[in-house]
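Colleague: Need the 3D shape of this:
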Amino acid sequence: MFHHIMVPVDLHLPPTVVKAMDVAADFAKNHGSRVTLVHVTDQQIHGAHTVGPSGDELAALASKMAEQTGARVEGLPIYSVDVGAEIDSILPRTAKELEVDLVVMGTHMPGILDYVFSSHASHLVLHSEASVFVVR
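Modeller: Alright, predicted model coming up:
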């Protein structure tokens, strides 16, 4: 059903990201999907690897998920000058460029500001051409 799954990840691994990765791993295992873990960062990128420890963390996450699922999993760092300001445009564009069928993304419970300013996940739901599975 889903051939390619994208999972935006925050390397601080808040609980919602861990849950989203678990959901994506389950889909990948059951559907034979490949997974791309996308990390938007302000750190320098050389080739397809973030320079510094976060590149190693992303590669380790991809390796661990590949071991658990038997799926093809890759980490994709994306450079941004201002992550907070650009992430809402980067994620739907990346999903389209990667031609993913599904985006699995963690989010927080809505707070008062979310009724004025949407969360990154709700923005992605509204602007992505792919299906989006939001995990709390």
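
Colleague: which residues in the protein form strands?
Modeller: For the chain, applying DSSP state E gives strands covering 4-8, 34-41, 45-46, 49-50, 73-79, 102-106, 131-135.

Colleague: ok, residues contacting the first one?
Modeller: The contact list for strand 4-8, computed with CB atoms under 8 Å, 6 or more residues apart in numbering, reads 20-21, 24, 27-28, 33-40, 91, 94-95, 98-105, 120, 124, 130. Heads up, the C-betas are built off the backbone N, CA and C, glycines and all.

Colleague: Restrict it to CA atoms and write it as PDB.
Modeller: Output of strand 4-8 as PDB, limited to C-alpha atoms (Å, rounded to 0.1, in the frame of the first residue of the first chain):
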ATOM      1  CA  HIS A   4       7.900   5.100   0.400                       C
ATOM      2  CA  ILE A   5       7.500   6.700   3.900                       C
ATOM      3  CA  MET A   6       9.000   9.900   5.100                       C
ATOM      4  CA  VAL A   7       9.500  10.600   8.800                       C
ATOM      5  CA  PRO A   8      10.600  14.100   9.900                       C
END
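
Colleague: Partner strands of that strand and their direction?
Modeller: In the sheet, strand 4-8 lines up against strand 34-41 (parallel), strand 102-106 (parallel) (DSSP bridges).

Colleague: quick one, which of these is nearest to residue 82?
Modeller: Using CB to CB as the measure, strand 34-41 is the one of those that comes nearest residue 82, at 10.2 Å.

Colleague: so the closest one versus strand 73-79, what angle?
Modeller: 20 degrees (axes from the mean of the first three to the mean of the last three CA atoms, to 10 degrees).

Colleague: can you list contacts of strand 34-41?
Modeller: 3-11, 21, 24-25, 28, 50, 54, 58, 61-62, 65, 69, 71-80, 83, 86-87, 90-91, 94, 98, 100.
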